[in-house]
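# sequence and predicted structure below; questions after.
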Amino acid sequence: MIHSLVGLDLGLGPASGLHDGPLILQCTVSITFRTADPNIRIKTVNCIIEPMGPEDWEVVREIYLEGIATGHATIET
């Protein structure tokens, strides 16, 4: 079994978009995986979070439809 702990460190750098456009966040995500093995593995990933636009709709739609198909993006009572 794999458990993950996620730490998120948000920072505003030169690409933050604060000067002349929408806010763009730069962040570092650290994920710690713990398994039955006593070793702990940490993976750090740098990412940039930007606002979505109309050009992103097809990919968002695919993710949304996959969530409906699997039941992971629905509310069932």
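Structure received. Note that the structure is predicted; figures quoted are calculated from it, not measured.

# residues in contact with the closest residue to Val29 other than its chain neighbours?
Nearest residue to Val29 in three dimensions, chain neighbours excluded: Val45, at 5.0 Å (CB to CB, 6 or more residues apart in numbering). No exception for glycine: its C-beta is placed from N, CA and C like everyone else's. Listed by CB atoms under 8 Å, 6 or more residues apart in numbering, the contact partners of Val45 are 28-29, 31.

# closest one to Pro54 out of those residues, please.
Val29 (27.0 Å; CB to CB).

# tell me, how many residues neighbour the closest one?
14 (other CB atoms under 10 Å).

# mind checking the SS state of it?
strand (DSSP: H, G, I helix; E, B strand; the rest coil).

# looking at the protein, which helix or strand is least sure?
strand 3-11 (a mean of 45; mean pLDDT, DSSP states H and E).

# phi, psi for the residue nearest to Val29 please.
In terms of degrees, to the nearest 10, the main-chain angles of Val45 are phi -130, psi 130.

# how far away is it from Met52?
Distance, Val45 to Met52, by CB to CB, to the nearest Å: 20 Å.

# likewise for Thr74?
21 Å.

# Asn46 - nearest residue in space that isn't next to it in sequence?
Per CB to CB, 6+ apart, closest to Asn46 is Thr28, 5.5 Å.

# the one you found against Ile48, yeah?
No. If you go by CB atoms under 8 Å, Thr28 and Ile48 don't touch, sitting 10.8 Å apart.

# so who does Tyr64 touch?
With CB under 8 Å, 6+ apart, Tyr64 has these contacts: Ala73.

# so what's the closest residue to Cys47 other than its chain neighbours bridging to?
Distances taken as CB to CB, 6+ apart put Cys27 closest to Cys47, at 5.6 Å, once the chain neighbours are dropped. Under DSSP bridges, the beta-bridge partners of Cys27 are Leu10, Cys47.
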